[in-house]
Structure formats: C-alpha cells, structure tokens
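Trainee: Quick check, what structure comes out for this input:
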Amino acid sequence: MNKVILMGRLTRDPEVRYTQTNNTLVASFSLAVNRRFVRQGEERQADFINIVAWSKLGEFCSKYFKKGQQVGVIGRIQTRTWDDDQGTKHYVTEVVAEEAYFADSKREGDVANSTNFENTFGDTAPGNMGADFEVSSSDDLPF
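Mentor: Predicted coordinates:
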C-alpha cells in the first residue's frame, strides 16, 4: 500500500504549469512538515516535501493555497527519473496529492471576506458525507 498523510506549512505559493502532450494543469509546491520528536537542547526539525497536484485538485491548490498556510495532503509517493541535456540522470521523489485540506484555524475577520467553497478538496470530505447543500450566510440556517 502506498499512502501518505502529511500536515505542514507551504514554503512557497503553488507553481502552475501545463503538460505539453495534453495541456493538463499541474500545480507543484513544497510542505515543511515538522518532525514529531525534538532532541533536548535542539530546535524542532522539519522535512521539506515536494507535492504535485493534477487537474482540478491542482487548480484548487493553485487558487486557494498560499505560502505559510498550514494544509493537509493525502496522496501517494512517486519516484521518477530523467536525463538532462548533459546526459546526467536526475532522481525525484515527490507526493502526488489525491486530497488536499485547509488545516489553519479560521481567523476572525476572514468570515466577512470568505468565498463559498469547501474547506477540502478530494473524494469525500470527512464531516461532509453526502451533504449536498451550501450555507452562504447565517440567514440561510434552517434553525
């Protein structure tokens, strides 16, 4: 089984490019993920993990994710290689995102400026199992 669950902060805004063959959107970004344990007398260490998100998930990430935000990503590890112009072989290990979540707490003042979109993007958002409605203001609440 190849499944990765990460939570960290974006080290940069997502970069968008399109494939040459079929013009598919690809967003790439990096997460700084804190290690679980800290050695006594040392600062907390972090791993910097490259993430790629394709198509609609990539579009979502490029539109709503910004440097410094804490996000969660679920996906799979992928390794690939390529040869550059000088014939040098390069190896890359990255996470291919299958789901992406906002993990920051909602700040006061963001409510007035918020747009109507789910705080997650993926197959099924936990807590939204089958919910097909959208609440845009407190006036629309059914109670």
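Trainee: who's in contact with stretch 25-33?
Mentor: 6-19, 46-55, 57-59, 61-62, 65, 71, 73, 94 (C-beta atoms under 8 Å, 6 or more residues apart in numbering). In short, each C-beta sits where N, CA and C put it, glycine included.
Trainee: One more pass at 7 Å, please.
Mentor: Contacts to stretch 25-33, defined as C-beta atoms under 7 Å, 6 or more residues apart in numbering, come from residues 6-12, 14-19, 46-55, 58-59, 61-62, 65, 73.
Trainee: Now do the buried residues in it.
Mentor: For stretch 25-33, a neighbour-count test (16 or more other C-beta atoms under 10 Å) marks Leu25, Val26, Ala27, Ser28, Phe29, Ser30, Leu31, Val33 as buried.
Trainee: Dig out what the second one forms beta bridges with.
Mentor: When you say that, I think you mean Val26. Arg17, Trp54 (DSSP bridges).
Trainee: Kindly state the pLDDT recorded for it?
Mentor: Val26 carries a pLDDT value of 97.
Trainee: ditto for Glu15
Mentor: 98.
Trainee: ok, it - contacts?
Mentor: Contact analysis of Glu15 by C-beta under 7 Å, 6+ apart lists Ala27, Ser28.
Trainee: what do you get for Val92?
Mentor: Applying C-beta under 7 Å, 6+ apart, the residues near Val92 are Thr79, Arg80.
Trainee: of the buried residues of stretch 25-33, closest to Asp84?
Mentor: For the buried residues of stretch 25-33, the minimum distance to Asp84 (C-beta to C-beta) is 18.1 Å, reached by Ser28.
Trainee: Quick check: that closest one vs Val95, distance?
Mentor: Noted for Ser28: a distance of 10 Å to Val95, by C-beta to C-beta, to the nearest Å.
Trainee: what's the answer for Arg36, then?
Mentor: Separation of Arg36 from Val95 (C-beta to C-beta): 18 Å.
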